[in-house]
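Engineer: for reference, the sequence and a predicted model appear below.
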There are 2 protein chains.
Amino acid sequence: MTKNDTINVQLNHRSIRAFKDQTLTQEQLTTLYDVARHTSSSRFLQQFSILHLTDEKKRAAVREIADQPYVGANGDLFIFIADLYRNQQLRHDLGQDDGNLHTFDEYAQAVEDTVLAVQKVVIAAESMGLGAVILGSIKNDPVKLIKALELPKMTFPILGVQIGVPDQQPQLKPRLPIAQVAFENNYPKQFKAADLKDYDDVVTTYYDLRDANRRIDSFTKQVAGGKLSAPDHHRDEIAQAIHDQGLALDMK
Amino acid sequence: MTKNDTINVQLNHRSIRAFKDQTLTQEQLTTLYDVARHTSSSRFLQQFSILHLTDEKKRAAVREIADQPYVGANGDLFIFIADLYRNQQLRHDLGQDDGNLHTFDEYAQAVEDTVLAVQKVVIAAESMGLGAVILGSIKNDPVKLIKALELPKMTFPILGVQIGVPDQQPQLKPRLPIAQVAFENNYPKQFKAADLKDYDDVVTTYYDLRDANRRIDSFTKQVAGGKLSAPDHHRDEIAQAIHDQGLALDMK
């Protein structure tokens, strides 16, 4: 295994959900934004934006949607947005129509730009000794979120990121072994729970600080269980909400 | 601006498209995979996989689809796959039905897992002195790609990544200024090409090595131009191909 500072940061990633009562400095903010804007971008179209929420009302709205008390509590909260609005407006300003912007392909590329930027910012924060958590839960009620953030059509919030000074030291969460996720030339056609027994054992000894220091279910039990069985919150409204934003209209 | 090794790596990112005629060592490969598996994952479901293509026939197939001669030439080629198949198989093995796995929400979360892993691997590679390029072009003909890679339903290839020892030193590509991509509390409703004049000037002085060392158009000219005007290759088939893989079936 090659080791260097950057790889160590990445291998030591753990989501931080408890932060000290202090906010990022302007220097830290600027660094994170500068890293973000250097993200690889599909065809150089740079179709993402970051909304930094310091307004308590907006933070509370996101917290309610995410349904997690630490969201928008201590630390800084960022919403990463797939942004086809900026380029739409530039096209209009230059006398062009919307072109491809309403297609699923364009939306998917904007999502990719956005998620790449999320990961860059998280790694940059962690390299500075900060902690971070990626928040998929902001999409629990997409219609309400878009309204709370007053986002125009042609934008869609993809992930939240909360960043701050860590006030907890979670265990490293055990991940699937390499043999289960990386393959040479041929994607395997068979996955059996029995092949994951050792991994399942490791997972059951892991303590998730979100859940009152209790052990969690094995990986395969989680996969077989409720997480994938029932839609929760308003997540079944995401697809329609994307269409209502004018996006991915050909995926119907 | 805060500076450290990790942030320097990220700020110095440039896509490398010419690699020396050597492949990654086993140690480098293992390191990249280990970094990948430590990626944040939506609800711990770890729904991505990596396919490392060393088979010349498969590399050639991807190169033809990507329509770029450097794809699958020198260096190592990886296809990052949104993978809902593994968890589907585990559920079946444990006597469960497919649950939510065919919904857009689940697909979108798998895509997020996948794209986060892409960015982690790229940063890890760059931190080791390797070069990398993210390949959205693998989706130019999604049906042909899925067939060439023999991917089962419930998987979808999202991005390629080519990694190797750099054989070129491209300029740093100028990105949108922070003021155009990061906002506090309120997303701006207006974007004017005139506000991007300085940036446009910087972009026109940038040389893209892909294009025979010629200068490229300004950013706003690229946005207003052909990139967003006409679908190319078979990219308008992506949405249907996702459905045909059994994915995102409620986004119709």
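Structural biologist: Structure's in. What do you need? Numbers count the residues shown, from 1 in each chain, chains lettered A, B, ... in the order given.
Engineer: run through the helices of the stretch 151-252 of chain A in chain order.
Structural biologist: A:178-181, A:197-204, A:219-224, A:238-244 (DSSP state H, counting those that start in this stretch).
Engineer: hey, which of these is tucked in deepest?
Structural biologist: helix A:219-224 (a mean of 22; mean count of other C-beta atoms under 10 Å in any protein chain shown). No exception for glycine: its C-beta is placed from N, CA and C like everyone else's.
Engineer: quick one: contacts of it?
Structural biologist: With C-beta atoms under 8 Å, 6 or more residues apart in numbering or on different chains as the test, helix A:219-224 has contacts from A:176, A:193, A:196, A:199-200, A:203, A:216, B:44-46, B:87, B:90-91, B:94-96.
Engineer: what about the residues you listed, which one has the most neighbours?
Structural biologist: Most neighbours among the contacts of helix A:219-224, by other C-beta atoms under 10 Å in any protein chain shown: B:N87, with 27 neighbours.
Engineer: quick one: stretch A:64-79 near chain B?
Structural biologist: No - between stretch A:64-79 and chain B, judged by C-beta under 8 Å from any C-beta of the partner chain, nothing touches; the nearest distance is 8.5 Å.
Engineer: hmm, back to that, nearest to A:F78, out of the helices of the stretch 151-252 of chain A?
Structural biologist: With C-beta to C-beta as the measure, helix A:238-244 is the member of those nearest A:F78 (19.8 Å).
Engineer: which helices and strands sit right next to the closest one?
Structural biologist: helix A:142-148, helix B:104-127 (3 or more C-beta pairs under 8 Å, 6 or more residues apart in numbering or on different chains; DSSP states H and E).
Engineer: what ranges do the helices span in the stretch 1-150 of chain A?
Structural biologist: A:5-11, A:26-37, A:56-66, A:85-93, A:104-127, A:142-148.
Engineer: just name the most buried of those helices.
Structural biologist: helix A:104-127 (a mean of 26).
Engineer: what is the orientation angle of the longest strand seen in chain A with helix B:104-127?
Structural biologist: Taking DSSP state E as the criterion, chain A has its longest strand at strand A:155-164. Strand A:155-164 runs at 60 degrees relative to helix B:104-127, counting by axes from the mean of the first three to the mean of the last three C-alpha atoms, to 10 degrees.
Engineer: for strand A:155-164, name the packing helices and strands.
Structural biologist: Strand A:155-164 sits against strand A:76-83, helix A:104-127, strand A:131-135, helix A:142-148, with contacts defined as 3+ C-beta pairs under 8 Å, 6+ apart.
Engineer: ok, which of the ones you listed comes nearest B:L51?
Structural biologist: Nearest of these to B:L51, taken as C-beta to C-beta: helix A:104-127 at 17.7 Å.
Engineer: dump the helices and strands packed on helix A:238-244 into JSON lines; add mean pLDDT and distance to B:K58 as well.
Structural biologist: Shown next, in JSON lines, are the helices and strands packed on helix A:238-244 (pLDDT from 0 to 100; distance: least, C-beta to C-beta, whole Å):
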{"stretch": "helix A:142-148", "mean pLDDT": "98", "distance to B:K58": "38"}
{"stretch": "helix B:104-127", "mean pLDDT": "98", "distance to B:K58": "19"}
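Engineer: ok, which of the ones you listed comes nearest A:L159?
Structural biologist: Short answer: helix B:104-127, nearest of the helices and strands packed on helix A:238-244 by C-beta to C-beta, at 6.6 Å.
Engineer: so who does the closest residue to A:Q119 other than its chain neighbours touch?
Structural biologist: Leaving aside its sequence neighbours, A:Q119 sits nearest to B:Q119 (C-beta to C-beta, 6 or more residues apart in numbering or on different chains; 3.7 Å). B:Q119 is in contact with A:39-40, A:115-116, A:119-120, A:123, counting by C-beta under 8 Å, 6+ apart.
Engineer: what do you get for A:Q245?
Structural biologist: By C-beta under 8 Å, 6+ apart, the neighbours of A:Q245 are A:146, A:151, A:153-156.
Engineer: per-residue pLDDT, it?
Structural biologist: pLDDT, A:Q245: 97.
Engineer: so what's the residue nearest to A:T6 when sequence neighbours are not counted up against?
Structural biologist: Using C-beta to C-beta, 6+ apart and skipping residues adjacent in sequence, the residue nearest A:T6 is B:S127, 3.5 Å away. The neighbours of B:S127, taking C-beta under 8 Å, 6+ apart as the test, are A:4-7, B:5-6, B:9.
Engineer: most remote residue from chain A's center?
Structural biologist: A:G95 (34.8 Å; C-alpha atoms, centre = their mean).
Engineer: residues touching it, list them.
Structural biologist: Contacts of A:G95 (C-beta under 8 Å, 6+ apart): B:A224.
Engineer: ok, A:K252 next?
Structural biologist: Counted by C-beta under 8 Å, 6+ apart, A:K252 has contacts A:243, B:251-252.
Engineer: for the spatially most central residue of chain A, name its beta-bridge partners.
Structural biologist: The centre of chain A sits closest to A:L159, judged by C-alpha atoms, centre = their mean, with a distance of 3.8 Å. Beta bridges link A:L159 to A:F80, judged by DSSP bridges.
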